[in-house]
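Student: this is a predicted model, with the sequence first.
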Amino acid sequence: MRFPVVLAALGMLGISSLQARELQSSDIFPAEHPTVEAVAYMSRVLNQMTAGKLSIAVGPGDLDSELYSVSQLRIGVQDMARVNVSTLNGLVPATRVLSLPFLFRSQDHLRRTVDGPIGAEVLASLEPLGLVGLCFLDVGPRSLFSVGKPIRKPADLRGVRMSVQLASVASPAFRALGASPVAMPLASVAPSLEAGIIDASTGDWLSPVSTSISGRAIFMNLTEHSRPPGIVIVSRKTWNQLDAAGQESLREACISARKELRSGLDERLQETRKIAEEGGITVIDDVDKAAFEALLTPLYGRLLGSASLLKLARRIQDER
C-alpha cells in the first residue's frame, strides 16, 4: 500500500519537533465497517507522514448516542470521532443542509459539494463548538427499511412508527408525511424492528439493520431520500496541542482516507446488498421517488429555519 507522502520533506514541515502521541478516536460502528476502516487507514497514513510520531486508535463509540462522543470532544476528554453529520443538526445549523431530503442528485453531487468550498464552510461552522472538522466520509444513500409491508409511496408512511436519528431534520420531515418518528440510538433500531416496537427505519446497505433482523418480513424500500455523510472531527483542545505540521498532517491523512474509502465503496455496497437479500430482505425498487420529493423539498425552509441556510441549500441545488 503506497501512502501519498514525500518522506524527505518531513523535516522541512517541522515533523521532528512533534511529540509522539496516539490520538483516541471513536465510531459507533464495528471494526469491519468502512468508516472505521477508513480512520484506521488514516492512522497508518498519519503515522508515516509524521515518521511514527502520530497515530490514531479507533475505539467503540457510545452506542446510545453519537452526541455523547461529541460532548466528550467539546470538553477535551476525547481527541477525535467519526460521527454522522446529522448528529450535529441540533448543535451546528449548517449541518442541517447536508441532511436535507432529496438535496443531492447523486453521490457524485454530494462529493463535489463536501469536497469543495461549501464543505469547507460547513467544517468551519464547527469551530464555535470547540470542534475542528477534518473531512467528510460518505457511505451511500439512505432509504427506508420496513417490516410487514413495503413502502412505495408517501401515503404508505401514514401512521408508521419509524426510528430517526436523534436531533436530526428527519424527524419533522417524516412527521410531515404522516409518520410517527421515534428518536432512538442506532443500537436500538434492529431490536425494536424485530420486536415490533417500530415499523420502519432509515438506513443504508451498510446499516446493521440490513443483516441483523430475523423472524419478520423485512423490506428495503429504495427511496434514496438523503445522503448525510460522516464527518471526522477533532477536539479543539487536542488540535491546539499539535503544531502546524501535525495539524496539516492530520488533515491530509483524512483526505487520503476519504479517497481510500471511496475507491471500494460501490463494491462494498453491492456485496452487502447481496448478503442482505440472501438473508431474506426484499428489495422494493419501484418506489415513487418523485412523489416523496414533491412533498419534502418544499419543506426546506421549515426544516432549516433560516434564510441563510436556505440560501446555502439553493447553492447546492444550483451545482447539480
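Tutor: Yep, that arrived.
Student: quick check: longest helix of this protein.
Tutor: Taking DSSP state H as the criterion, the chain has its longest helix at helix 244-278.
Student: which strands and helices sit next to it?
Tutor: Judged by 3 or more CB pairs under 8 Å, 6 or more residues apart in numbering; DSSP states H and E, the packing partners of helix 244-278 are helix 34-49, strand 54-60, strand 131-137, strand 230-235. Yep, even glycine has a C-beta here, placed from its N, CA and C like the rest.
Student: what's the most buried one of the ones you listed?
Tutor: Compared across these, strand 230-235 shows the largest average neighbour count, a mean of 26 (mean count of other CB atoms under 10 Å).
Student: can you give me the buried ones in the very next helix or strand once past that strand?
Tutor: Per DSSP states H and E, strand 230-235 leads on to helix 236-241 as the next helix or strand towards the C-terminus. Buried residues in helix 236-241, counted by 16 or more other CB atoms under 10 Å: 236, 238-239.
Student: what about helix 236-241, average pLDDT?
Tutor: Average pLDDT, helix 236-241: 98.
Student: looking at the helices and strands packed on helix 244-278, which one has the lowest mean pLDDT?
Tutor: strand 54-60 (a mean of 94).
Student: adjacent strands (with direction) for it?
Tutor: strand 21-27 (parallel) (DSSP bridges).
Student: any idea of the angle the strand it pairs with forms with strand 230-235?
Tutor: With axes from the mean of the first three to the mean of the last three CA atoms, to 10 degrees as the basis, strand 21-27 and strand 230-235 are set at 140 degrees to each other.
Student: and strand 21-27, what's buried?
Tutor: Buried-residue list, strand 21-27, by 16+ other CB under 10 Å: 21, 23-27.
Student: could you do stretch 58-77 as well?
Tutor: For stretch 58-77, by 16+ other CB under 10 Å, it's 58, 61-62, 65-70, 72-74.
Student: find the centremost residue of the chain, please.
Tutor: By CA atoms, centre = their mean, the mean C-alpha position of the chain lies nearest to residue 230, the distance being 2.5 Å.
Student: for that residue, which residues make a bridge with it?
Tutor: residue 84, residue 137.
Student: from the contact counts, what lies against the very next helix or strand once past the longest helix of the chain?
Tutor: Once helix 244-278 ends, the next helix or strand along the chain (criterion: DSSP H and E) is strand 282-284. Judged by 3+ CB pairs under 8 Å, 6+ apart, strand 282-284 is in contact with strand 218-226.
Student: CA atoms of the strand it packs on as CSV?
Tutor: Taking Å, rounded to 0.1, in the frame of the first residue of the first chain, the C-alpha atoms of strand 218-226 are listed here in CSV:
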residue,chain,number,x,y,z
ILE,A,218,-38.1,-7.1,6.0
PHE,A,219,-38.2,-4.7,3.1
MET,A,220,-35.6,-2.3,1.9
ASN,A,221,-37.5,0.4,0.1
LEU,A,222,-35.1,2.3,-2.2
THR,A,223,-36.3,5.9,-1.6
GLU,A,224,-32.6,7.0,-1.5
HIS,A,225,-34.1,10.1,0.1
SER,A,226,-30.9,11.5,1.7
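Student: that strand: how far from the chain's middle?
Tutor: The chain centre lies 17 Å from the centre of strand 218-226; the measure is CA atoms, centre = their mean, to the nearest Å.
Student: export the buried residues of strand 21-27 as CSV, with columns for pLDDT and distance to residue 136.
Tutor: CSV is the format used below for those (pLDDT from 0 to 100; distance: CB to CB, whole Å):
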residue, pLDDT, distance to residue 136
21, 96, 24
23, 98, 19
24, 97, 21
25, 97, 16
26, 96, 17
27, 95, 14
